[in-house]
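# Can you look at this prediction? I've put the sequence above it.
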Amino acid sequence: MHYISTRGDATPRKFCEILLEGLAPDGGLYLPVQYPQVDNTTLTRWRKVYHEQGYAELAFEILSLYIDDIPADDLRALCRKTYTAQVFGTGEIVPLRHVENGVYLEALSNGPTLAFKDMAMQLLGNLFEYELARRGEELNILGATSGDTGSAAEYAMRGKKGVRVFMTSPAGRMSPFQQAQMFSLQDANIINIAVEGVFDDCQDIVKAVSNDLDFKRKYKIGTVNSINWARLLAQVVYYFAGYIQATETNDQKVSFTVPSGNFGNVCAGHVARMMGLPVAQLVVATNENDVLDEFFRTGVYRVRGSADTHETSSPSMDISKASNFERFVFDLVGRDGARTKDLFSTQLSATGSFDLSADPAFKDAAARYGFASGKSTHADRLATIRDTADRHGMVIDTHTADGLKVALEHLQIGTPMIVLETALPIKFAATIVEALGREPERPAQFEGIEALPKRVLNLPADVTLVKALIEKTCS
Ligand SMILES: *Cc1c(COP(=O)(O)O)cnc(C)c1O
């Protein structure tokens, strides 16, 4: 399998060549040159694999279609080491819970940091360690987080050989639980940096360091952001596992609703559907930051400025532009790299938007790609959390509530609807208290983490100080 860029660079690259990279050299995102097709016989076999041998083996089956530069036995071992009941809480890894009338929640949030990002990041940690050892190289991951990504990256990379994580976050802006999750890590290869400023200041620091090519090369700076292809690929697996659990035969279609921000999660659903998974609808659920809902309703993609990006109670979906969206648009416009480049490079930088409403490809998007969308607000979130607790005795987190609210608007009789549960409620306890008047349940391993000793450096929002810290740590 080879990978190409969405902006027309067709130089074929192998999986391990793009594993440690972000953008393609032409500024595009990597995608496989084609999607492997899964026929009925294979899907039936995978059903048995999941039920009899488990999620890790299913992951190996799917990943091996995309990765041919890691020996099969090594890849299988990496999957087995990653997807264990010990790390993810259950033998099913991603169990389905029935809510009502064919609506299910697929639990993706029982990993170490209680958000779905663990599903991909845990695999990435093992892949990085494997590939760096093979090359005899080291990597310094520099990131910016407002909560979920940073902790998922740290828990995936802690104690891994050859990898260090420098994670910036805006001082005092994460929930106490999220701060405790990150700052209580005592591993020497995890370096937390609390920046005096907001999330944008942290992102600016990461960008400034990455743009200093000499520094980047000398200190082997890398990232683990959501455009990384390996993260997206790891997420494809749970669409298959969700389908297999919700159906008995392959004649049945299911729909998925995905709480969305950067379009990484739902893009994995798109890939699964392109491979032949029988998916009726892929419903994109947004919060008040509705860039994606607007596109799927109107055909206009309009990125927002920071003044128009709302701080909401589902903060992991507070985005002004959706960094993985280019992958879907590349497929939508018939994999035309020149056209994708024009839309994302020329038109977006000139006007902050592009308009596909008159394009036949957009008019066909729902029929050809199954996409639908909807939006949920703070009031919807509270109402959905209350209703789900009252009627079903289940407490769901704020992002999952956005998903469930939008899913209920898109039900089709006879088609199971799977809502992806992207975090556990304890991560966003303040809003749960607002909705229900009580604290959400706290998994036992997180009892009292706010009181643990904290390991964090406080720095002003100054890139030279962050660089100096990296230099000092690496010398
Ligand atoms: C990251 C995140 C999302 C958004 O996922 P994308 O892949 O960016 O669309 C939704 N919910 C939670 C809890 C998250 O952490």
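Yes, it's here.

# near the ligand, which residues of the protein show up?
Neighbours of the ligand within the chain, by Cβ under 6 Å from any ligand atom: 115, 117, 148, 226, 259-265, 316-317, 399, 422-423. For glycine as for every other residue, the C-beta is placed from the backbone atoms N, C-alpha and C.

# Point out the ones among those residues that are inside strands.
residue 259 (DSSP state E).

# just checking, which of the residues of the chain next to the ligand belong to helices?
Counting by DSSP state H, the residues of the chain next to the ligand place 117, 148, 264-265, 399 in helices.

# between the residues you listed, which is nearest residue 340?
residue 264 (17.5 Å; Cβ to Cβ).

# Pull the number of nearby residues for that closest one.
Close neighbours of residue 264, defined as other Cβ atoms under 10 Å, add up to 24.

# and what of residue 175?
For residue 175, the count of nearby residues is 16 (other Cβ under 10 Å).

# correct me, but it touches residue 428?
Yes: shown here, residue 175 and residue 428 form a contact pair, counting by Cβ atoms under 8 Å, at 6.8 Å.

# Who's the closest spatial neighbour of residue 126, skipping the chain neighbours?
residue 78 (4.9 Å; Cβ to Cβ, 6 or more residues apart in numbering).

# about what we covered before: closest to residue 451 among the ones in helices among the residues of the chain next to the ligand?
residue 148 (22.1 Å).

# what about the closest one, neighbour count?
With other Cβ under 10 Å as criterion, residue 148 counts 26.

# I'd say it and residue 117 touch.
Yes: when contacts are counted by Cβ under 8 Å, residue 148 is listed as touching residue 117 (5.4 Å).

# follow-up on the earlier one: export the ones in helices among the residues of the chain next to the ligand as CSV, with columns for pLDDT.
As requested, those are exported to CSV (pLDDT from 0 to 100):
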residue, pLDDT
117, 96
148, 84
264, 96
265, 98
399, 98
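
# Let's have the residues you listed in JSON lines, adding distance to residue 7.
Shown next, in JSON lines, are these (distance: Cβ to Cβ, whole Å):
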{"residue": "117", "distance to residue 7": "26"}
{"residue": "148", "distance to residue 7": "28"}
{"residue": "264", "distance to residue 7": "18"}
{"residue": "265", "distance to residue 7": "23"}
{"residue": "399", "distance to residue 7": "31"}
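
# now, the most widely separated pair of the residues you listed?
264 and 399, at 13.4 Å, using Cβ to Cβ across these.

# Which residues are in contact with each of these two?
Counting by Cβ atoms under 8 Å, 6 or more residues apart in numbering, residue 264 and residue 399 have no contacts in common.

# So what pairs up with residue 32 in the strands?
residue 3 (DSSP bridges).

# wait, what's in contact with it?
Taking Cβ under 8 Å, 6+ apart as the test, what residue 32 contacts is 1-4, 66.

# ok, back up a step: just the element for the residue nearest to residue 126, please.
Under the criterion of DSSP states H and E, residue 78 resides in helix 72-82.

# Downstream of that helix, the next helix or strand is which one?
Following helix 72-82 toward the C-terminus (DSSP H and E): helix 85-88.

# after that next one, next one along is what?
strand 96-100.

# Quick check: neighbours of that next one in the sheet, parallel or antiparallel?
When DSSP bridges is applied, strand 96-100 pairs with strand 103-107 (antiparallel).

# how about the CA coordinates for the partner strand, as CSV?
Provided in CSV are the C-alpha atoms of strand 103-107 (Å, rounded to 0.1, in the frame of the first residue of the first chain):
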residue,chain,number,x,y,z
VAL,A,103,-30.0,3.5,19.3
TYR,A,104,-26.7,2.3,20.8
LEU,A,105,-23.7,3.9,22.5
GLU,A,106,-20.3,2.5,21.5
ALA,A,107,-17.9,2.9,24.5
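
# what does it contact?
By Cβ under 8 Å, 6+ apart, strand 103-107 touches 90, 94-99, 238, 241-242, 245-246, 394, 396, 400, 404, 407-408, 411, 416-421.

# rerun that using 7 Å as the cut-off
94-99, 238, 242, 246, 400, 407, 416-421 (Cβ atoms under 7 Å, 6 or more residues apart in numbering).

# now do stretch 383-395
99-100, 396, 401, 404-405, 425, 432, 435-436, 440-441.

# ok, now stretch 343-357?
Contacts of stretch 343-357 (Cβ under 7 Å, 6+ apart): 7, 27, 298-303, 326, 329, 362.

# Check those residues and tell me the two furthest apart.
27 and 298 (25.9 Å).

# just the buried members of the contacts of stretch 383-395?
99, 396, 401, 404-405, 425, 432, 435-436, 440 (16 or more other Cβ atoms under 10 Å).
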